[in-house]
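Student: Prediction below, plus the sequence it came from.
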Protein chains: 2
Amino acid sequence: MPLPDHIHPVDRQLLQRADKEMLLGQRGCVVWMTGLSGSGKSTIAAALEQQLHAAGRYTVVLDGDNVRAGINNNLGFSAADRMENIRRIAEVAKLFLRNGAVVVCCFISPTAAIRAQAREIIGAEDFIEVFVDTPLEECERRDVKGLYAKARAGEIKHFTGVDAPFEPPSAPALRLTTINRSAGKAADTLFHFLLPRIKPLP
Amino acid sequence: MPLPDHIHPVDRQLLQRADKEMLLGQRGCVVWMTGLSGSGKSTIAAALEQQLHAAGRYTVVLDGDNVRAGINNNLGFSAADRMENIRRIAEVAKLFLRNGAVVVCCFISPTAAIRAQAREIIGAEDFIEVFVDTPLEECERRDVKGLYAKARAGEIKHFTGVDAPFEPPSAPALRLTTINRSAGKAADTLFHFLLPRIKPLP
């Protein structure tokens, strides 16, 4: 059946990721930062974003603050909701990735299964797993948000590291330590690790 | 309580929308295209994206294809799921907006209540409602996807325009007609309407 002549399916093709990357002058990727609460993920991400931005790279940070308050504001903390939380985050990251962005995701994402789901949605070739490897004792000593104290007091249940497991990644693309090392230094390391991966193709 | 000296809350501040807009050399906004199935929303959006891209504008199109297959792949077509569908789309659009993008959303969004929800999430000052005003008879005559035939045959229930209402926007920012007018021409009109709104602030 011929289409009406004012409908041109070929024009309906949206631009592709490569087009967006060309416009932005970079290659997109998803940096997936995993680690305990208080390990420094968000602090490192914020410092990384500033460095990337200063270098002219279009960067998008997804973290608990902008995700739990928005797209995921109807999810709780049951096991099912935690999986759905990460599923949606990964799908949002994928939309940004397809539009050429360097996406930095900061979520505890405590289990191998949760991170595997994110990797599968995003695509292994674009998924850069970064382990912010701060020991529990140090995270608890910092206790920036007072959450460990509440978890130890039983006011928060299923808190990662206290009464819920954290499974360290077995083979992260990069492992960052934060003991005796500022978040800025850790971000530096990550920045230089990323640069060759995000520079535009020749 | 003083923070450990390796935690610098001030550094955790993420970059703001204005920073991203500066990098991209544009102002962001959300163009919300509403209209019947087959009215031409996606075709116009694809042509608009090409024009904006050619003009150096960073543009992101959200439509049924990339949303229903991803972030909303666990939603059906019940009334509750339709509201949740639009809610998530609006939240995703808002994330792109906050990162400086020109976002083009193509969804039937048939009721005033649904569009009001999207407007509220995105923020009225950034929400540009565009009504693709193609009459039902013309959409049905085109029936590009054969959906009207299925709806008339009772194979699809609650199909907008057939057995579910479409409430035309009472005061859209722009109304586009598509009778005797190519999608390219309609996209032209929209493109020139948008240009002054997305050019960078001096």
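Tutor: Noted; the coordinates are in hand. Numbering: from 1, shown residues only, chains lettered A, B, ... in the order given.

Student: Take the lowest-mean-pLDDT helix or strand in chain A, keep the C-alpha atoms, and write them as PDB.
Tutor: Lowest on mean pLDDT, DSSP states H and E among the helices and strands of chain A sits helix A:64-68, with a mean of 86. The C-alpha trace of helix A:64-68 is given here as PDB (Å, rounded to 0.1, in the frame of the first residue of the first chain):
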ATOM      1  CA  GLY A  64      20.300   9.600  44.400                       C
ATOM      2  CA  ASP A  65      19.500  13.200  44.800                       C
ATOM      3  CA  ASN A  66      18.300  13.800  41.200                       C
ATOM      4  CA  VAL A  67      16.800  10.300  40.600                       C
ATOM      5  CA  ARG A  68      15.100   9.500  43.900                       C
END
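
Student: can you tell me if that helix touches chain B.
Tutor: Yes: using Cβ under 8 Å from any Cβ of the partner chain, helix A:64-68 reaches chain B at A:N66. C-beta here means a position set from N, CA and C on the backbone, and glycine is covered the same way.

Student: for that helix, packing partners?
Tutor: In terms of contacts (3 or more Cβ pairs under 8 Å, 6 or more residues apart in numbering or on different chains; DSSP states H and E), helix A:64-68 is packed against helix A:79-98.

Student: Now do the helix it packs on: everything it contacts.
Tutor: Residues outside helix A:79-98 that contact it (Cβ atoms under 8 Å, 6 or more residues apart in numbering or on different chains): A:17, A:20, A:28-30, A:60, A:62, A:67-68, A:71-72, A:75, A:103, A:105, A:107, A:109, A:114, A:117-118, A:121-123, A:126, B:60, B:62, B:66, B:70-71, B:74, B:88, B:92, B:95-96, B:99.

Student: Give the buried subset of those residues as a PyMOL selection command.
Tutor: For the buried members of these, the matching PyMOL selection, counting by 16 or more other Cβ atoms under 10 Å in any protein chain shown, is:
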select buried, (chain A and resi 20+28+29+30+60+62+67+71+72+75+103+105+107+109+114+117+118+121+122+126) or (chain B and resi 60+62+66+70+71+88+92+95+96+99)
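
Student: out of the contacts of helix A:79-98, which are inside strands?
Tutor: A:29-30, A:60, A:62, A:103, A:105, B:60, B:62 (DSSP state E).

Student: tell me the two of the residues you listed that are most distant?
Tutor: The distance between the two most remote of the ones in strands among the contacts of helix A:79-98 (Cβ to Cβ) is 21.1 Å, for A:C29 and B:L62.

Student: Report the separation between A:P196 and B:S78.
Tutor: A:P196 sits 48 Å away from B:S78, going by Cβ to Cβ, to the nearest Å.

Student: Pick out whichever of those two has more residues nearby.
Tutor: B:S78 (11 against 8; other Cβ atoms under 10 Å in any protein chain shown).

Student: which residues touch the more buried one?
Tutor: Contacts of B:S78 (Cβ under 8 Å, 6+ apart): none.
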